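Participant: Dropping a prediction and its sequence here:
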Amino acid sequence: MFRQNAYFFALLLSIILIFSSLNFPFLSKVYGQTPGSPISQEQYDKIKNCTTDLSKKPTPVEYLTYFNCGHVSKDESGRTVRQFTLIVEENQKIPVSYEGHILDAWTFNGTIPGPTIRVTEGDLVRIRVINSNDNSNPHSLHTHSIHHAKNDGVSMGGYPGGAISPGRSFTYEFIAQPYGIYPYHCHVDPIADHINRGLYGMMIIDPKEPRPQMTEMAMLLNGYDLDLDLEGPTKIPPAALFQTIEQDDTEGSNMTDGAISNETSTDANMTDGAISNETSTDANMTHVSSDMQDADEEDNGGEDEVEEEDDGGVDRINEIYTVNGKAFDYMMNPIVTQTGKPYRIYVVNMLEFDLVNSFHLHGAMFDYYTAGTDETSDYSTDIVTLSQGDRGIMEFTYAYPGTYMFHAHQTEFTDLGWMGLFDVRGEPVEPPQEDLT
Ligand SMILES: [Cu+2]
């Protein structure tokens, strides 16, 4: 009996050992790879949903899942090399709403945003930027992340890649690192105009070990100031425009006159010596600063709407806000998703002229990974606030079917185009429960 049992356990043990050393195809499908085993570049590009049509001009709807992973080759050391070509074209007429708004645009490869560039950490990346012959302005490519100054796309320092003249090209080269989500954009002055015209996009550097596999989308938040006649460099207004208030404090507490000084004097009487002097000075400063505030209000004529500046300029204002380039596009074309399925959104904020943008998801919470530079999420939320150039990764699963909005939580932006819909289908599933133990 004992011998039979021992034989049985030995058999069981060998079966377990044999099975645990095998690669299960169904596991690779769920997790993308067997933990510990290196994934081939070809396999990885497949699960990244890399496009096979590198010259496609994706529509804003196609942009969601258009991942351009470049022309792939290997160098002598076996390192993966990814080559991209971005052609800058001015005089592009890009429709940015369903109501006939056309931006007199400058584009990378004919679209706003430019293509989503997708590479893997450690790849050698070569991006050739061609400034078309017909263009009138120099342009450049500034990618965020780590690289040498000569590949930074900034003219300070005299690097040729800082300003490519019309009819010329420059190839930027760097090793992709560290993994994360990055914006790219032209960095030629006035930068605000080169960005507002449309010269920007998203770059994803994937980690060497794939993230858990799920359906992925790219969402780039932007806006358009369509009044191009206001273009031009931002300047510091002349110092002479600022009123200088000279303060004579040789007399000490004599500085305090009138209503405020009386009030302060009463206070000052309660104390004596050094403390009373200090209190008087403070009161005086309050008086001066409230005068300045009055003067400012007079200059503005008391109108909040008109944003005239002292130098006669007018603040730039976006007339249209979008996700992926066209106002209300995902209201017209809701994004179909399934209950119980995880989704990942790579989000980048490239809005100019407004300091803050945000992304609010209805009906679900999402895990947020700031800049996508870590494996663990920073927090779970339903709104993420993004300043200019901020970005990250959102991961979420819908529990219930239905139509759910996603939009900026600045109502003004929502009304002007930054709003979309998820059309969630399927049976209800258990919402994720908090671990209460
Ligand atoms: Cu430019």
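Facilitator: Cool, got the structure. What you are looking at is a predicted structure, and each value in this text was computed from that prediction instead of being measured. Residues are numbered from 1 along each chain as shown.

Participant: which residues touch Gln92?
Facilitator: Taking CB atoms under 8 Å, 6 or more residues apart in numbering, we find Gln92 in contact with 104-107, 110, 198. C-beta coordinates here come from the backbone N, C-alpha and C atoms, glycine included.

Participant: I'd assumed it was in a helix, is it?
Facilitator: No. With DSSP: H, G, I helix; E, B strand; the rest coil as the criterion, Gln92 is located in strand rather than a helix.

Participant: Then Tyr369 would be within a strand, right?
Facilitator: Yes. Assessed by three-state DSSP, Tyr369 belongs to a strand.

Participant: so what's it closest to, chain neighbours aside?
Facilitator: Ile393 (4.1 Å; CB to CB, 6 or more residues apart in numbering).

Participant: now do His147
Facilitator: Phe174 (3.7 Å).

Participant: In this structure the one you found contacts Ile146, no?
Facilitator: Yes. Applying CB atoms under 8 Å as the test, Phe174 and Ile146 come out as touching, 7.3 Å apart.

Participant: Gly223: how many residues sit nearby?
Facilitator: Close neighbours of Gly223, defined as other CB atoms under 10 Å, add up to 27.

Participant: Return the residues in contact with the residue lying closest to it once chain neighbours are set aside.
Facilitator: Excluding the flanking residues, the one nearest Gly223 by CB to CB, 6+ apart is Asn318, at 3.5 Å. Contacts for Asn318 (CB under 8 Å, 6+ apart) come out as 223-225, 351-354, 416.

Participant: can you tell me how far Asn318 sits from the ion?
Facilitator: 19 Å (CB to the ion, to the nearest Å).

Participant: what's the answer for Glu231, then?
Facilitator: Applying CB to the ion, the value for Glu231 to the ion is 12 Å.

Participant: and what of Gly201?
Facilitator: 13 Å.

Participant: Surely that residue and Cys186 touch.
Facilitator: No. Under the criterion of CB under 8 Å, Gly201 makes no contact with Cys186, lying 10.4 Å away.

Participant: Show me the beta-bridge partners of Asp206.
Facilitator: Thr120 (DSSP bridges).

Participant: wait, it sits on Lys48?
Facilitator: Yes. Counting by CB under 8 Å, Lys48 is a contact partner of Asp206 at 6.5 Å.

Participant: which residues touch the residue nearest to Ile191 when sequence neighbours are not counted?
Facilitator: Nearest non-adjacent residue to Ile191, counting by CB to CB, 6+ apart: His185, 7.8 Å away. Residues in contact with His185 (CB under 8 Å, 6+ apart) are 141-142, 191, 194-195, 199-201, 350.
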